[in-house]
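# sequence and predicted model, in that order:
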Amino acid sequence: MKVDAVVTSDLDKAGAEARELEEMGYDGLKSIETAHDPFLPLLLAAQSTTKIDLTTGIAVAFARSPMTLANVGHDLNAASKGRFNLGLGSQIRPHITKRYSMPWSSPAARMREMILAMRAIWACWHEGKPLEFLGKFYTHTLMTPFFTPTNTEYGPPKVYLAAVGPMMAEVAGEVADGLLVHGFTTQAYLETVTMPALERGFAKAGKTRADFEIAYPVFSVMGRDEKEIAAETTKMRQQVAFYGSTPAYKPVLDSIDAGELQPELNAMSKQGRWVEMGDLIGDDVLKKFAVQGDAATIAQQIKTRYGHIADRTAASYATLDRAERIAFIEAMRA
């Protein structure tokens, strides 16, 4: 199984950190869109590395247009000599409408059309096809040589899509090249909801599982001793509670017969009781979401639980030094 790491969003450090992570043996780097742009760190990473995969994990799709995404995706794939993957996610309605001031409707259908629109734009640039994309949400019918990139040696990037619900997972299976699994998931949810949805998407597109990659950043409670593990366990309870408070994620809790927690977690979140929320996540629930132990133990747990599903993974490396990280990567590949 391939192993990824998250690269810093600090532009003063991203290039050097990317180089170090590549030297340590990581297969891929992900850049996350939170307080900073997700693309700029990967440009610095592209200039500082030679073989590691570079992926936005994720960039907020609905904060942008297909044309702007097609453009930055093309440029980063060219800059990295074919190593860039455009990882997209929908975010949720309040962020799109209230933070980005962008429209929100029919997210799965809109995402499908967005990816198809980008592919039409890339076909125009890379294959010389006329740009005639007429959709319900997006229309692209104008492209002149002045606005057409010429550095097309490495082609368009692959597109990876984040999905939790079955409709978005089906879209991923149909029109994307890979799935970015949310960390807040369970083996049961993957097997009973996500994978069947992907298969429906594959069938629509005439694809097979072999044509597709699944990346799952498994929640992990990692430490060298009981004190470190106890501290990380408390943090993980709070993280699971935070995600569990979101109504859209209730089906994930339902997959382990813990759906009754969601309304209470949601109510506590609205009261600002973030720390207390973690106390509702008992050991049985936590074990369904997270693996726990030292680096070697966690590597084996990830492979046992998810080796039949995921092609690549990531874990929390906060407590590991360089040698321990390298050992974890080697254990994942063994």
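Alright, I've got the coordinates. Just so we're clear, the structure is a prediction, and the values are computed from it rather than from any experiment.

# gap between the nearest residue to residue 163 once chain neighbours are set aside and residue 175?
Leaving out its chain neighbours, the residue that sits closest to residue 163 by C-beta to C-beta, 6 or more residues apart in numbering is residue 169, at 4.1 Å. Any C-beta I mention is one placed from the backbone N, CA and C, and that applies to glycine too. Going from residue 169 to residue 175 by C-beta to C-beta, to the nearest Å gives 12 Å.

# joint contacts of these two?
Common contacts of residue 169 and residue 175 (C-beta atoms under 8 Å, 6 or more residues apart in numbering): residue 201.

# between these two, who's got more neighbours?
Remark: of residue 169 and residue 175, residue 169 carries more neighbours, 27 against 21, as counted by other C-beta atoms under 10 Å.

# pLDDT of whichever strand or helix holds that one, averaged?
According to DSSP states H and E, residue 169 maps onto helix 166-175. Averaging pLDDT along helix 166-175 gives 99.

# thinking again about what came up before, state the distance from the residue nearest to residue 163 to residue 111.
From residue 169 to residue 111 the distance is 11 Å (C-beta to C-beta).

# before we move on, what about residue 56?
15 Å.

# okay, how far is it across stretch 170-189, tip to tip?
End-to-end distance for stretch 170-189: 14 Å, by C-alpha to C-alpha, to the nearest Å.

# in the longest helix anywhere in the chain, what's buried?
For the chain, the helix with the greatest residue count under DSSP state H is helix 107-127. Buried residues in helix 107-127, counted by 16 or more other C-beta atoms under 10 Å: 107-108, 110-122, 124-126.

# and the next helix or strand past that helix?
strand 133-134.

# and that next one, what does it pack against?
Counting by 3 or more C-beta pairs under 8 Å, 6 or more residues apart in numbering; DSSP states H and E, the packing neighbours recorded for strand 133-134 are helix 107-127.

# now the angle from the helix it packs on to helix 166-175?
20 degrees (axes from the mean of the first three to the mean of the last three C-alpha atoms, to 10 degrees).

# show me what contacts residue 176?
115, 159-161, 212.

# burial measure for the nearest residue to residue 201 once chain neighbours are set aside, as a count.
Once flanking residues are discounted, residue 201 sits nearest to residue 173: 2.2 Å by C-beta to C-beta, 6+ apart. Other residues lying near residue 173 total 27 when counted by other C-beta under 10 Å.

# what's near enough to touch residue 173?
Counting by C-beta under 8 Å, 6+ apart, residue 173 has contacts 179, 197-202, 204-205, 207, 212.

# buried subset of those residues as a PyMOL selection?
Only the buried entries of the contacts of residue 173 go into this PyMOL selection, using 16+ other C-beta under 10 Å:
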select buried, resi 179+197+198+199+200+201+202+207+212
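
# ok, of the contacts of residue 173, which one's closest to residue 257?
Nearest to residue 257 out of the contacts of residue 173 is residue 197 (C-beta to C-beta; 20.8 Å).

# for the closest one, what is the enclosing helix or strand?
Here residue 197 is assigned to helix 195-205, by DSSP H and E.

# just the mean pLDDT for the helix or strand following that helix, thanks.
Of the helices and strands lying after helix 195-205 in sequence (DSSP H and E), the nearest is strand 213-217. Here strand 213-217 scores 98 as its mean pLDDT.

# the residue nearest to residue 163: what's it in contact with?
Per C-beta under 8 Å, 6+ apart, neighbours of residue 169: 163, 179, 193-194, 197-198, 201.

# can you check residue 212 too?
Contacts for residue 212 (C-beta under 8 Å, 6+ apart) come out as 173, 176-179, 198, 202.

# could these go into a markdown table alongside distance to residue 11?
Formatted as a markdown table, those follow (distance: C-beta to C-beta, whole Å):
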| residue | distance to residue 11 |
| --- | --- |
| 173 | 35 |
| 176 | 28 |
| 177 | 28 |
| 178 | 26 |
| 179 | 29 |
| 198 | 35 |
| 202 | 38 |
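
# out of those residues, who's nearest residue 316?
Checking these against residue 316 with C-beta to C-beta, the nearest one is residue 179 at 20.8 Å.

# that closest one and residue 58: what is the separation?
Taking C-beta to C-beta, one finds residue 179 at 11 Å from residue 58.

# common neighbours of those two, please.
When contacts are counted by C-beta under 8 Å, 6+ apart, residue 179 and residue 58 have residue 162 as shared neighbours.

# before we move on, the earlier item: can you give me the angle the longest helix of the chain makes with helix 195-205?
40 degrees.

# for helix 107-127, the distance to its chain's centre please.
On the basis of C-alpha atoms, centre = their mean, to the nearest Å, helix 107-127 is displaced by 19 Å from the centre of the chain it belongs to.

# can you list the helices and strands that it packs against?
helix 66-79, strand 84-89, strand 133-134, strand 139-140, strand 158-163, helix 166-175.
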